[in-house]
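>>> I need the structure of the sequence given here:
(chains A, B, C and D)
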Protein chains: 4
Amino acid sequence: MVHSKALVVGVGDGLSASLARLFHAEGYEVVLSARDIGKISALRQETGAQVVACDASNPAQVQKMMDCIEGSLGICVYNPSYRQRGPLVDLDPAEVERSIRVTAFGSFLVGQAAARRMLEQNDEGTGRGAILFTGASAGVKGFAQSAPFAMGKFAQRGLAQSMARELHPQGIHVAWVNIDGAIRNPGRSEPDEKPQSMLDPDEIARNYLALIRQNRSAWTDELTLRPWVERF
Amino acid sequence: MVHSKALVVGVGDGLSASLARLFHAEGYEVVLSARDIGKISALRQETGAQVVACDASNPAQVQKMMDCIEGSLGICVYNPSYRQRGPLVDLDPAEVERSIRVTAFGSFLVGQAAARRMLEQNDEGTGRGAILFTGASAGVKGFAQSAPFAMGKFAQRGLAQSMARELHPQGIHVAWVNIDGAIRNPGRSEPDEKPQSMLDPDEIARNYLALIRQNRSAWTDELTLRPWVERF
Amino acid sequence: MVHSKALVVGVGDGLSASLARLFHAEGYEVVLSARDIGKISALRQETGAQVVACDASNPAQVQKMMDCIEGSLGICVYNPSYRQRGPLVDLDPAEVERSIRVTAFGSFLVGQAAARRMLEQNDEGTGRGAILFTGASAGVKGFAQSAPFAMGKFAQRGLAQSMARELHPQGIHVAWVNIDGAIRNPGRSEPDEKPQSMLDPDEIARNYLALIRQNRSAWTDELTLRPWVERF
Amino acid sequence: MVHSKALVVGVGDGLSASLARLFHAEGYEVVLSARDIGKISALRQETGAQVVACDASNPAQVQKMMDCIEGSLGICVYNPSYRQRGPLVDLDPAEVERSIRVTAFGSFLVGQAAARRMLEQNDEGTGRGAILFTGASAGVKGFAQSAPFAMGKFAQRGLAQSMARELHPQGIHVAWVNIDGAIRNPGRSEPDEKPQSMLDPDEIARNYLALIRQNRSAWTDELTLRPWVERF
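Residues are numbered from 1 along each chain as shown, chains lettered A, B, ... in the order given. Below is the predicted model:
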C-alpha cells in the first residue's frame, strides 16, 4: 500500500474513534492527535495507533506533530471545532476568536502541513492522498445566536473549497463534509421510537472511507450527511 | 435480499451500462428501460436484465412499465436528458419543451411511480429503496447559450430536493447526482496525457452504489462527481 | 427617454398592480398582459395602460402580443406562476405539466420575445432594457409536498441565470427575484400585532425599480426580498 | 430624521469615499473610521465628517470608537479586508491569521458594537438601523491560491447570515454585499473600449443606499453587484 498513514486530528468523540477503528481495519497505520491525549489510551491500544499531543491551532506544534509522522501520509482528517452560543450582543470576543482559531485556523495549519507532505509523495495513478474536514450545516447557513460557529465553519468551508480547486489537479483529494445533525455517541443516543435519528459515527466513517476511495475521475469536494428524519 | 429489482431508466450510454453491470454483480435483478430497446440487446444478455420499452416522459407508458416490474423495487435510477444549445433568441420553443419534458417531467413520472411502489414495501430498518437522478452542473449554474438544459436540470434538481424532504422520513432515499464533466465512453475518451480527465462510468456507478448503501442515519441528498482536473 | 414601454405579464394580484402604477408614475407607457383581461379594467384606466390578452405559455400568442407593442421596450416583468400542492404520490401529471408550463415555459417564451426586441434596440450607454422574473424561495429550496412548484420555480431560475450570463454582455439586464414570503393584497393582510410581516407589493415594486435603475457597472442577477420577521 | 449618524469603517479606497459623500448628501452625519486617518483629511473636509482612528480588529479600540459616536446610529458599513495570495503550501500562518482578523473578526467587533447601539434605539416602524458588510465573491466560492481571502470572506458572510437571522426580527437590517469584480478608483480604471467593465464606486454606494432604504416588509440579506461584462 502506497499511502500507509492515516492521521486523525482531534480525537475524543465518537466520530474520531470510529474513523480510527475503520482506518485500522482497512490496513492503515493510524496516528491520533489531540490536545489532551490522556483520554485516548484505550483507543490507542485497540488500534495500535501512534499518539501525538498537539494543539492543532498552534503553528509550531502542528509542524512538530507532522515531523513525528514517518512514511507516507495517505489520509488526514481534521475534526476539532469550538463554538460559543448566545445573543450576538453578549458574545465574548475572546471566545469568538477561539471559535475561529480552533475550527478554521487549525484546519488551515493541518491542511497545509498535510498538503506539503503529500505533494512530496509519488502519484502512481491513484492520487497522492486525501484531506477531509469535518464540517457542519453551520458552514452553509449562519444560524441565529450562533455567530462564532458560523464564522468558524464558513471559514473552514472556504478553505476546503480553495484547497480543492488548487490541489485536485495536483492529485490531492480535498473534501468538506457537512455533518447535518447530532452524532450518536456513548453519552448521547436517540430514543427507541426514533431509530437512526442521530448520525451513527461508524456510518459517518464509512462515508469518509468512500470519499477516500473515490477514483480521481470522480471526486467529490463537498458531502452532506443527514439523518433520514432531520429537517433541512 | 429484500429489495431485489434495480430499475435503470434511459439506457444506452456508458453510465447506464456500468450501472446495469454493477447492480447485476451486486445481486440485483436488473430492469432496463429505454425508448429504443433495440440497441441494448448485448447489455441485456450480459446482465440477464428484463427490458421494457418506454418513453419515460409519457405518463401512461411509465405506468405500464412499472406494472411490468414484479416484486420489490430497491433501486430506481433516472438518466434521460435532452438539450438544445444556442443563443437564446434562436431557440425553438418546441425543443425547449422537449428538453424540459425529457429531463424533468420524465424524472417526475418515474420518480412518482417508483415512490408509489416503494411506499407499499415493508421497511425493515434499512429503508424502502433508493431513487437517484443523474444531474449535471447545469442544474446548479445556468450557462450562456444553454437555457433549455438549465431549465431541465434545475427543474429536476428542484424535484429531487422536494422528494428528499418529503420521502426521507418515509424511508425512501432520494438523491440528485451532479455529474460535472464529460463521461468517458466507447466513442469518447481522453487523450493519454490527461489520464482520468473524464468521468469513468464504472466509477460513477460505484458512487451510486455507495449512495444506495448509505445507512439512513447518514443520507446524502445531493452529490457532485467531478474529474480531478475539471475546473469549477 | 429611450426605453418607453414597460410590459407586465400576468396581471391581477397586488404585485402587478403596484408595478403598473409605479412604472406609470416613472414615465413609462405601461402594457398589461393577462389571459383574462376582464378583471384589469380599473387598473387600465388608472395607468392608461395598453392591455393585451395573452396566454403566456402559448408561443403563438406571446409572439402576437409582442407584435402589438410598438416602440422600444425598456422593461419586461414576468409574474405568472401555477402550482399544485400535495403528497408526491397523489400529484396529477397534467397539473405538474401545467405548473412547469405556466411558471417556467412561459418565462422562456416571454423572456425570449423580450430579448429579441431589446437586442434590436440601440444601446446608448445605459443598456438595452431589463427583464425581470418574479420567483419564490421554491426556486432555491424544494419543499416537501410541493414538487410542481419546485420544478417550475427552479426551472425559471435556471433560465434567468442562463439569460443573465448570455445577455448581460449584450446590454440586457436579467434578474430573478425571490419573493420569500406572503404578499399583502386587498384580500390578504397581516394582523395588526405583526406589522409589515407580509411583503408590501408597493415595496416589492420599488425594489424592482431599483434593479432596473442599476448602472450596468453594478448589476444584480438574483435578489431576495423577505419580511423582517420571516424565518429562513 | 431618527437615525442621524452613518459610520463607515475602513476608509481609503474609492468605495468608502463614495459612501461618505452619498450619506452626507442624504443628510446623514458621517463618521469615518480608519487605522490611518492621515490620508482622509480631504474627504473629512468635503463631508464634514467626524473622524476616528481605530484598528477595527482590536476589541478595545472598537469599543472606544463607538463611544465617540454620539446620538443615534442609522448606518454602519464595514469595508476592511486583507488577503495573502499564493500556493497553499507557501502561505505564512501569520498572514492567514491577519486575513481572518481584518476581514472577519473586525466585522464581528464592529457589527456587535453597532448592534448593541441600535438595539437601544427606538424602533418607530422603520427599523432601528442597517449594518452592511462589503464582501466579495471569495465569500461564495473559494478560489485556488487564495485560501486566506476565502477564509476571511466566508467567515464574514457566515457572520452576516447569523446576524440577519437574529437581528432582522429585532428591527436591525443586516446585509452582506458581494462585490464581484474590480472597483474603479482614481488609480485604476478600465480601458475606453470596455466601458463600465469595472464597478463604479458611486454606483455601488447607490446600491448600498437602496438596501438601507428598503422597507422592512422586503429586506434583502445578500446582494451581488457585478459589472455587465464580468464572467461568473
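
>>> list the residues that contact the most centrally placed residue in chain A.
Geometric centre of chain A, nearest residue: residue A:78, 2.8 Å, by Cα atoms, centre = their mean. Applying Cβ atoms under 8 Å, 6 or more residues apart in numbering or on different chains, one finds that residue A:78 lies in contact with A:9-10, A:56, A:106-107, A:110-111, A:131-134. All C-beta spots, glycine's among them, are computed from the backbone N, C-alpha and C.

>>> the closest residue to residue A:53 other than its chain neighbours and chain D, how far apart?
Counting by Cβ to Cβ, 6 or more residues apart in numbering or on different chains, residue A:37 is the residue found nearest to residue A:53 once chain neighbours are left out, at 4.8 Å. As judged by Cβ to the nearest Cβ, to the nearest Å, residue A:37 and chain D stand 23 Å apart.

>>> if you count residues, where's the longest helix of chain A?
Ranked by residue count, the top helix of chain A under DSSP state H comes out as helix A:147-167.

>>> now the contacts of residue A:78 in a markdown table, with neighbour count and pLDDT?
Converted to a markdown table, the contacts of residue A:78 look like this (neighbours: other Cβ atoms under 10 Å in any protein chain shown; pLDDT from 0 to 100):
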| residue | neighbour count | pLDDT |
| --- | --- | --- |
| A:9 | 28 | 97 |
| A:10 | 22 | 94 |
| A:56 | 23 | 98 |
| A:106 | 27 | 98 |
| A:107 | 32 | 98 |
| A:110 | 27 | 98 |
| A:111 | 28 | 98 |
| A:131 | 28 | 98 |
| A:132 | 24 | 98 |
| A:133 | 28 | 98 |
| A:134 | 27 | 98 |
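
>>> tell me the contacts of the residue nearest to residue A:105 when sequence neighbours are not counted?
Leaving aside its chain neighbours, residue A:105 sits nearest to residue A:57 (5.4 Å; criterion: Cβ to Cβ, 6+ apart). Counting by Cβ under 8 Å, 6+ apart, residue A:57 touches A:80, A:101-102, A:105-106, A:109.

>>> the helix or strand of chain A with the lowest mean pLDDT: which residues count as buried?
Within chain A, no helix or strand scores below helix A:41-47, which has a mean of 94 by mean pLDDT, DSSP states H and E. Of the residues in helix A:41-47, A:43-44, A:47 count as buried by neighbour count, 16 or more other Cβ atoms under 10 Å in any protein chain shown.

>>> let me have these in CSV, adding distance to residue C:208 as columns.
Shown next, in CSV, are the buried residues of helix A:41-47 (distance: Cβ to Cβ, whole Å):
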residue, distance to residue C:208
A:43, 59
A:44, 63
A:47, 61
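
>>> and chain B, which of those reach it?
By Cβ under 8 Å from any Cβ of the partner chain, no member of the buried residues of helix A:41-47 lies near chain B.

>>> of all those residues, which comes closest to residue D:70?
Using Cβ to Cβ, residue A:43 comes nearest to residue D:70 of the buried residues of helix A:41-47, at 58.5 Å.

>>> what's the closest non-adjacent residue to that closest one?
Leaving aside its sequence neighbours, residue A:43 sits nearest to residue A:17 (Cβ to Cβ, 6+ apart; 5.3 Å).

>>> tell me who's in contact with the one you found.
Residue A:17 neighbours (Cβ under 8 Å, 6+ apart): A:11, A:43, A:201.

>>> where's the last one relative to chain C, distance?
Spelled out, it's residue A:201. Per Cβ to the nearest Cβ, residue A:201 is found 28 Å from chain C.

>>> neighbours of that residue, just the number please.
24 (other Cβ atoms under 10 Å in any protein chain shown).

>>> show me where chain A has its helices.
Using DSSP H, helices in chain A cover A:14-25, A:41-47, A:59-68, A:93-100, A:106-120, A:147-167, A:201-212.

>>> run the chain-centre distance for the fifth one.
The chain centroid and the centroid of helix A:106-120 are separated by 13 Å under Cα atoms, centre = their mean, to the nearest Å.

>>> just stretch A:87-107 next, same as before
Distance of stretch A:87-107 from its chain centroid, counting by Cα atoms, centre = their mean, is 18 Å.

>>> what of stretch A:29-36?
Computed by Cα atoms, centre = their mean, the chain-centroid distance of stretch A:29-36 equals 12 Å.

>>> and if you look at stretch A:44-63?
How far stretch A:44-63 lies from its chain's middle: 13 Å, per Cα atoms, centre = their mean.

>>> now swap in stretch A:84-103 and tell me
21 Å.

>>> before we move on, what about stretch A:80-98?
21 Å.

>>> neighbours around residue A:90, how many?
Residue A:90 has 11 neighbours, counted by other Cβ under 10 Å.

>>> again with the one 10 residues further on
Counted with other Cβ under 10 Å, the neighbours of residue A:100 add up to 30.

>>> now do the contacts for it.
A:148, A:151-152, A:155, D:100, D:104-105, D:155.

>>> may I ask which two of the residues you listed are separated the most?
With Cβ to Cβ as the measure, no two of these lie farther apart than A:148 and D:100, at 12.7 Å.

>>> and chain A, which residues reach chain B?
Residues of chain A lying near chain B by Cβ under 8 Å from any Cβ: A:125, A:127, A:165, A:168-169, A:171, A:173, A:184, A:195-200, A:203-204, A:206-207, A:210, A:214-229, A:231-232.

>>> among those, which lie within strands?
Counted as lying in strands by DSSP state E, out of the residues of chain A next to chain B, are A:173, A:222-225.

>>> just among these, which is most surrounded?
Result: residue A:173 is most packed of these (other Cβ under 10 Å), 25 neighbours.

>>> quick check: the closest residue to that one other than its chain neighbours vs chain D, distance?
Closest residue to residue A:173 apart from its sequence neighbours, by Cβ to Cβ, 6+ apart: residue A:130 at 4.3 Å. Note on residue A:130: its distance to chain D, by Cβ to the nearest Cβ, is 15 Å.

>>> what about chain A, any weak spots by pLDDT?
In the predicted model of chain A, residues A:1-3, A:13 satisfy pLDDT under 70.

>>> just give me the neighbour total for residue A:70.
11.

>>> contact partners for the nearest residue to it once chain neighbours are set aside?
In this structure, residue A:70 finds its nearest non-sequential neighbour in residue A:5, 7.9 Å apart by Cβ to Cβ, 6+ apart. For residue A:5, the contact set (Cβ under 8 Å, 6+ apart) comprises A:28-31, A:69-75.

>>> what subset of those is buried?
Counted by 16+ other Cβ under 10 Å, the contacts of residue A:5 give A:28-31, A:69, A:72-75 as buried.

>>> could you pull up the residues touching the residue nearest to residue A:98 when sequence neighbours are not counted?
The shortest distance from residue A:98 to any non-neighbouring residue, by Cβ to Cβ, 6+ apart, is to residue A:82 (5.7 Å). Shown in contact with residue A:82 (Cβ under 8 Å, 6+ apart): A:98-99, A:101-103, A:152.

>>> got the contact list for residue A:152?
Residues in contact with residue A:152 (Cβ under 8 Å, 6+ apart) are A:81-83, A:99-100, A:102-104, A:138, D:155.

>>> please redo it, this time with the cut-off set to 7 Å
Neighbouring residues of residue A:152 by Cβ atoms under 7 Å, 6 or more residues apart in numbering or on different chains: A:81, A:83, A:99-100, A:103-104.

>>> and which of those residues is nearest residue B:190?
Ranked by distance to residue B:190 (Cβ to Cβ), those are led by residue A:104 at 36.3 Å.

>>> that closest one and residue A:176, how far apart?
12 Å (Cβ to Cβ, to the nearest Å).

>>> between the two, what contacts are shared?
Common contact partners of residue A:104 and residue A:176 (Cβ under 7 Å, 6+ apart): residue A:156.
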